[in-house]
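> Turn this into a model:
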Amino acid sequence: MKRKLSLALAGCILFALPLLCQLSFLALINYQLVLAEVSVKHELEAEECSKRINKLIIDLFEYMIFVKFQADSRMLDPNLQESSLPKEWSGRISSILSLPVLSAKTREQLTEAKGYASLLRQFASAPPLRPVPLKGTKVASANTAPEQSLYLFEILLGAAREATNERNQVEVESLARSASLRSYLLAGWIALTLSLVAMTLLIFRLVYRPLSVILDNARRLGRGQALNLPVKAPVEIEAIDGCLHQISSELSVAYDEQKQLYELSPALICRLDGNGRILMANQTTLRWLQINSQSSGLEKIVFFTLFDDVVRLRLETVFERARDEQKKMTTKLTLLNHKTMPLHTSWTVTWSEEHQSYFTLAMDVTDATNIALVREQMGTYLTTELGVPLVAVKEASAALALLDGPGAAENKHVAAIKGNVERLSVLLNQLNQADAEGVEGGRDFDFCVNQAVISDAVDAVRNLALKKQVNIVARPEFAMVSCNKWELERVIINLLSNAIKYTPEQGTIKIDSRLSGNVVDFSISDSGSGIPEKALATIFAAYQQADNQGQHNVPSTGLGLSVCKTIIERHGGSIRAENGAEGGAVISFRLPASDSSIVRYAG
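Numbering: from 1, shown residues only. Model (predicted):
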């Protein structure tokens, strides 16, 4: 299996290639410098050898002149100090022989001259062209005694010439090494340049070109275009490119799904340019506006011309405001003259400065509008048909309260009638003001005393409790609640009525309320059979009833607890249901306390 090149391995190669060239170049330079150092050393030694031989020849010549001068003038003074040359002769030649630069011939000549140390005076005093009297002295050399006094000079001069030749040869070698060093420097520079070029090409091949493709793929991905083919590069770069292709594939799938949702959406979705020409539209738009889907000139159609003058003016105004104010605009239209479009539609228009186009969404709200109209008509009907009788009953109860009755009991019943009439009037007003989404009471919250609300609620259901012989025990602690008094009373009445339904005869219902920090807690518990565990999670859902309801044969719509939950949450509170430790159901809820109660609690 062929191994993929990784960035780590590529980095090692890119680092090692110039480093290897540099090390090789340094080693070569160091070797040439060592050779140059040896050449210079040999050159210095050759020059030193030549100087010493020339100095020796000069000293010998001076010595001969000195000896000849004394012999010819016959003025030899026995007290005159003899020259030290004969004594130093052997030592000076030995010092020259110690130099390693000497050739074999020069070394042989100097060795021969060294053997004549004891005959220097005879050489110096003999005639130049006559034999030198040896007087029986044995010469160190294997040759016979010289026949001329200049023979020793010939030996030294030959050694000097050889030393000079050695020096010249060393200089030639030094010059040759300098030329070689220049050649090696040039070759090293060329090798280093080639290695840098190779490293650059390798970086371009392994890193730059793949990264440029990946960068282009990133741009294409941002523009929604097709990506380039996968690159051949080190595994890390291929992994990045693979991630981009995977993201592109997932985005393509998501785009296809979104496009299907866009095409199959029951709402009108379209995009318009600044002049109102259609740039893009889904099937619902084409169907509502009766545009041929096979038409190739969709961008030539001006969107606003597809509506009558009134609707066109309304839409143009909404679109212009969306563009001028740079915000989302909404409106509702009733289209009476468009048979293919819904009667009632809700429009949302947004202007995109980046794309210089409008994005438009229109939804069919005909059913919701009809329901709202029916609800409004029903509310008006109930308010009209029930409001008048309730006003009459309210006035009659007020008149009965002013009459002198046989006792307080009658007046108490009259007060109960009056209170229930007032509650029915409030419910009718709330129904008349509610929106199409369900139970929505007044949102203007005030504050009320929990004890007073609980007392009124107990009075409202007292006859129902007495009829079933159920005892209601109310033990609230004083607290001020931030709420709508009528809605809180409605919640407590609903919970008490529900508890009375499921409490057996001779049973007991308890109501507790107390201030806890910045909230007021309420609790209503009964002595019934409790709530089944599986019903606790859905007890507050609309049209939900506990399974044990059939055991008591109590009719119910299943909306009471749902209405209570809606009212409590609208007041910013919470409600929960549970079973008590001693049996029976416990409904607890909490509402925000008024500022005065919070201050009192903190104090």
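
> Which parts of this structure belong to which domain?
7-192, 265-364, 370-433, 446-602 (automatic domain parsing).

> State the mean pLDDT of the first one.
Across domain 7-192, pLDDT averages out at 69.

> Give the burial count for residue 520, as a bare number.
27 (other C-beta atoms under 10 Å). Every residue, glycine included, has its C-beta placed from N, CA and C.

> Who are the contact partners of it?
The neighbourhood of residue 520, defined by C-beta atoms under 8 Å, 6 or more residues apart in numbering, consists of 450, 479-481, 513-514, 590-593, 597.

> quick check, nearest of those to residue 165?
Closest to residue 165 out of these is residue 592 (119.4 Å), distances taken as C-beta to C-beta.

> part of a helix, is the closest one?
No - counting by DSSP: H, G, I helix; E, B strand; the rest coil, residue 592 is not part of a helix but strand.

> Surely residue 347 is within a helix?
No - counting by three-state DSSP, residue 347 falls outside a helix, being strand.

> Bridged to it, which residues?
When assigned by DSSP bridges, residue 347 has beta-bridge partners residue 331, residue 362.

> Looking at per-residue confidence, what score does it get?
pLDDT, residue 347: 92.

> Please apply the same query to the one 5 residues further on.
Residue 352 is assigned a predicted lDDT (pLDDT) of 90.

> hey, what's it bridged with?
residue 357.

> Provide the secondary structure category for the residue nearest to residue 292 when sequence neighbours are not counted.
What sits nearest to residue 292 in space, not counting adjacent residues and going by C-beta to C-beta, 6 or more residues apart in numbering, is residue 286, at 7.7 Å. With three-state DSSP as the basis, residue 286 sits in helix.

> how near is residue 286 to residue 278?
For residue 286, the distance to residue 278 equals 10 Å [C-beta to C-beta, to the nearest Å].

> who has more neighbours, these two?
Neighbours were counted for residue 286 and for residue 278 using other C-beta under 10 Å; residue 278 has more, 22 against 18.

> Which elements pack onto the helix or strand containing residue 107?
Using DSSP states H and E, residue 107 sits in helix 104-114. Judged by 3 or more C-beta pairs under 8 Å, 6 or more residues apart in numbering; DSSP states H and E, the packing partners of helix 104-114 are helix 85-97, helix 151-203.

> Helix or strand next in line after the last one, which one?
By that I understand helix 151-203. Next along from helix 151-203, by DSSP H and E: helix 209-223.

> tell me the average confidence for the helix or strand following that next one?
Next along the chain after helix 209-223, taking DSSP H and E as the criterion, comes helix 235-264. Averaging pLDDT along helix 235-264 gives 80.

> again, but for stretch 567-574
90.

> could you dump that stretch to PDB, C-alpha only?
C-alpha atoms of stretch 567-574 as PDB (Å, rounded to 0.1, in the frame of the first residue of the first chain):
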ATOM      1  CA  ILE A 567     -54.300  32.800  33.900                       C
ATOM      2  CA  ILE A 568     -51.600  32.000  36.400                       C
ATOM      3  CA  GLU A 569     -48.800  32.000  33.800                       C
ATOM      4  CA  ARG A 570     -50.100  35.200  32.300                       C
ATOM      5  CA  HIS A 571     -49.700  36.800  35.700                       C
ATOM      6  CA  GLY A 572     -46.000  35.600  35.800                       C
ATOM      7  CA  GLY A 573     -46.700  32.700  38.200                       C
ATOM      8  CA  SER A 574     -46.600  28.900  38.100                       C
END
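
> Could you pull out the buried residues of that stretch?
Using 16 or more other C-beta atoms under 10 Å as the test for burial, stretch 567-574 gives 567-568, 570-571, 573.

> I'd like the residues you listed laid out as a markdown table, including distance to residue 355 and secondary structure.
Listed next are the buried residues of stretch 567-574 as a markdown table, based on distance: C-beta to C-beta, whole Å; DSSP: H, G, I helix; E, B strand; the rest coil:
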| residue | distance to residue 355 | secondary structure |
| --- | --- | --- |
| 567 | 46 | helix |
| 568 | 46 | helix |
| 570 | 41 | helix |
| 571 | 44 | coil |
| 573 | 46 | coil |
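
> Which one of those is nearest to residue 339?
residue 570 (41.7 Å).

> any idea how far that closest one lies from residue 496?
Taken as C-beta to C-beta, the span from residue 570 to residue 496 is 20 Å.

> What residues of the helix holding residue 107 count as buried?
Within helix 104-114, judged by 16+ other C-beta under 10 Å, the buried ones are 106, 108-114.

> rewinding a little: dump the helices and strands packed on helix 104-114 into JSON lines; add mean neighbour count as well.
As requested, those are exported to JSON lines (neighbours: other C-beta atoms under 10 Å):
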{"stretch": "helix 85-97", "mean neighbour count": "16"}
{"stretch": "helix 151-203", "mean neighbour count": "16"}
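
> Contact partners for the residue nearest to residue 592 when sequence neighbours are not counted?
Distance criterion C-beta to C-beta, 6+ apart; nearest residue to residue 592, sequence neighbours excluded, is residue 482 at 4.6 Å. For residue 482, the contact set (C-beta under 8 Å, 6+ apart) comprises 445-447, 571, 591-594.
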